[in-house]
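Trainee: Below are the sequence and a predicted model; questions follow.
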Amino acid sequence: MRGLSQNWAVFRESRIGMLGLIVILLFGVFGALWPIMINTVWDPLIYHPVVGFDPMLLHPSPPTKAHLLGTDPIGRDILAQLMFSTGREFLLGVLSALITVVIGTVIGTVAAYYGGFTDTFFMRVADIMMLFPFIPLLVVVGSMVRLTFFPFAIILGVLGGFGGITIILKAQALSVKVRPYIDAARVAGGSSFHIIRAHIIPNVLPLSFLYMMFNVTGAILSEATLSFFGVLNIDMSWGMMIHTAEAAGYLFDFGKYWWLWLPSGLAITLFCAAFYMVGRGLDEVVNPRLRKR
């Protein structure tokens with residue numbers, strides 16, 4: 001607990017990290033308002049983010065009292081779409097990033113500990129994964145399989161886990177492997193599994209958690225990009241909101257129909273920036289040289 005409190009004290013001194021954490025918490029509150037609003041305040045026939053429609057207006061409609069952020073070309077409320085999509089973006093980003101860091105941490109520590117063929121095999125796999133451009137690769141995958149929400153998160157996590165993060169975490173694990181307490185644990189009769197689980201992985205986890213923050217950003221940007229291209233089979237997300245405006249021909253008249261792209265575009269930007277800023281704050285926790293003296 002002392003280590004956790006000390007790390008929190010270091011993180012709290014990072015203004016950029018705290019700002020990112022506040023923005024993430026605000027997004028969390030914003031997304032949590034969705035079930036409250038749709039079940040107590042809004043009429044689902046009008047404000048449902050996927051099948052809702054307001055028959056009293058011509059669409060797309062600019063912001064009004066009834067629709068604070070306007071409606072899209074199909075007549076759906078933009079604010080309701082933003083709220084509904086926030087929780088899904090959280091889940092997509094965290095799930096894919098968690099899968100990535102779990103795979104990367106396990107493979108990186110195992111490759112560092114055993115070396116030899118195991119190290120060579122996984123490093124060559126990582127080199128191959130880094131060789132292919134990520135977004136075009138996902139476009140190809142999306143053309144072959146039906147990419148719904150959860151399969152897309154899993155694919156993102158698996159592809160990321162076998163990529164560059166493995167090399168980074170392996171380097172960290174190598175620095176832990178040569179420390180005296182690893183030799184002491186081996187002399188004391190500790191099995192390889194015990195040494196990896198109890199001594200190497202705990203010392204790699206801070207760096208893993210740091211890269212998890214950055215991977216959330218990558219997952220959200222990937223979803224937004226593929227949704228814009230119409231590759232994903234997702235009914236609603238921030239990227240799909242922009243895709244709907246583009247498919248209806250309103251996106252490039254961005255000055256007149258600004259409410260069709262600005263709220264979702266701003267949400268993507270702020271959400272990704274927030275996790276990046278938290279990662280920068282955690283970087284000071286992981287790397288003592290970056291701390292203010």
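Mentor: The structure has been received and is ready for your questions.
Trainee: Isn't residue 195 up against residue 186?
Mentor: Yes: using Cβ atoms under 8 Å, residue 195 is in contact with residue 186, at 6.4 Å. The C-beta positions use only the backbone N, C-alpha and C, and glycine is treated the same way.
Trainee: neighbour count winner among these two?
Mentor: Neighbour count, other Cβ atoms under 10 Å: between residue 195 and residue 186, residue 195 has more, with 21 against 14.
Trainee: residue closest to the middle of the chain?
Mentor: residue 216 (1.9 Å; Cα atoms, centre = their mean).
Trainee: ok so that residue is a helix residue?
Mentor: Yes: assessed with DSSP: H, G, I helix; E, B strand; the rest coil, residue 216 lies in a helix.
Trainee: Give me the spatial nearest neighbour of it, chain neighbours excluded.
Mentor: Nearest non-adjacent residue to residue 216, counting by Cβ to Cβ, 6 or more residues apart in numbering: residue 93, 3.8 Å away.
Trainee: now the longest helix anywhere in the chain: how far from the chain's centre is it?
Mentor: What stands out as the longest helix in the chain, according to DSSP state H, is helix 78-114. Distance of helix 78-114 from the chain centroid (Cα atoms, centre = their mean, to the nearest Å) equals 5 Å.
Trainee: Following the chain past the helix or strand bottoming out on mean pLDDT in the chain, name the next helix or strand.
Mentor: Ranked by mean pLDDT, DSSP states H and E, the weakest helix or strand in the chain is helix 2-12, scoring a mean of 73. Using DSSP states H and E, the helix or strand that follows helix 2-12 in sequence is helix 15-36.
Trainee: What about residue 68, how many residues nearby?
Mentor: Neighbours of residue 68 under the rule other Cβ under 10 Å: 13.
Trainee: Tell me the buried residues in the helix or strand hosting residue 165?
Mentor: If you go by DSSP H and E, residue 165 is part of helix 164-177. Applying a neighbour-count criterion of 16 or more other Cβ atoms under 10 Å, one finds 165-170, 172-174, 176-177 buried in helix 164-177.
Trainee: Those residues into JSON lines, with extra columns for distance to residue 255 and pLDDT?
Mentor: Below are the buried residues of helix 164-177 laid out as JSON lines (distance: Cβ to Cβ, whole Å; pLDDT from 0 to 100):
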{"residue": "165", "distance to residue 255": "41", "pLDDT": "89"}
{"residue": "166", "distance to residue 255": "45", "pLDDT": "90"}
{"residue": "167", "distance to residue 255": "45", "pLDDT": "90"}
{"residue": "168", "distance to residue 255": "43", "pLDDT": "89"}
{"residue": "169", "distance to residue 255": "46", "pLDDT": "91"}
{"residue": "170", "distance to residue 255": "49", "pLDDT": "91"}
{"residue": "172", "distance to residue 255": "48", "pLDDT": "88"}
{"residue": "173", "distance to residue 255": "52", "pLDDT": "90"}
{"residue": "174", "distance to residue 255": "54", "pLDDT": "90"}
{"residue": "176", "distance to residue 255": "55", "pLDDT": "87"}
{"residue": "177", "distance to residue 255": "58", "pLDDT": "87"}
